[in-house]
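[1] Just the structure for this:
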Amino acid sequence: MITIVILSIFLGIEVISRVPSVLHTPLMSGANAIHGVVIIGAIIVMGQAEPTDYLSLILGFLAVILGTLNVVGGFVVTDRMLEMFKSKKKK
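    Sure thing, here's the model as predicted:
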């Protein structure tokens, strides 16, 4: 299992490093959509967990918080990248 994780890390680094800058913004938007699904899934898991199952509740809460931070951060980065492509207003 560790070998698979290590190989997937190297593969991910190689794939991401070869993505042109023009495609970065659409990829960030897609990643934001995926993390939105993660947030919904975590909320569902927390809703289905027993009130005494603290591990599920804590992990679900952490998943919601971290997923939300990732979505917001992704939108901030995407917005900043799109600002670079806007034409500057002349005075």
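
[2] Look up the pLDDT of His24 for me, please.
    As predicted, His24 sits at a pLDDT of 65.

[3] Summarise which helices and strands the helix or strand of the chain with the lowest mean pLDDT is packed against.
    Between all helices and strands in the chain, the lowest mean by mean pLDDT, DSSP states H and E belongs to helix 24-48, at a mean of 80. Helices and strands touching helix 24-48, by 3 or more C-beta pairs under 8 Å, 6 or more residues apart in numbering; DSSP states H and E, are helix 54-85. For the C-beta atoms, the positions are set from N, CA and C on the backbone; glycine is no exception.

[4] Burial check on the residue lying closest to Ala42 once chain neighbours are set aside, number of neighbours?
    Once flanking residues are discounted, Ala42 sits nearest to Ala63: 3.6 Å by C-beta to C-beta, 6 or more residues apart in numbering. For Ala63, the count of nearby residues is 18 (other C-beta atoms under 10 Å).

[5] now the angle from the least confident helix or strand of the chain to helix 54-85?
    Per axes from the mean of the first three to the mean of the last three C-alpha atoms, to 10 degrees, the angle that helix 24-48 makes with helix 54-85 is 160 degrees.

[6] With Glu50 as the reference, measure out to the residue nearest to Met46 when sequence neighbours are not counted.
    In space, not counting the residues next to it along the chain, Met46 is nearest to Gly60; the distance is 3.6 Å by C-beta to C-beta, 6+ apart. Using C-beta to C-beta, to the nearest Å, Gly60 is found at 12 Å from Glu50.
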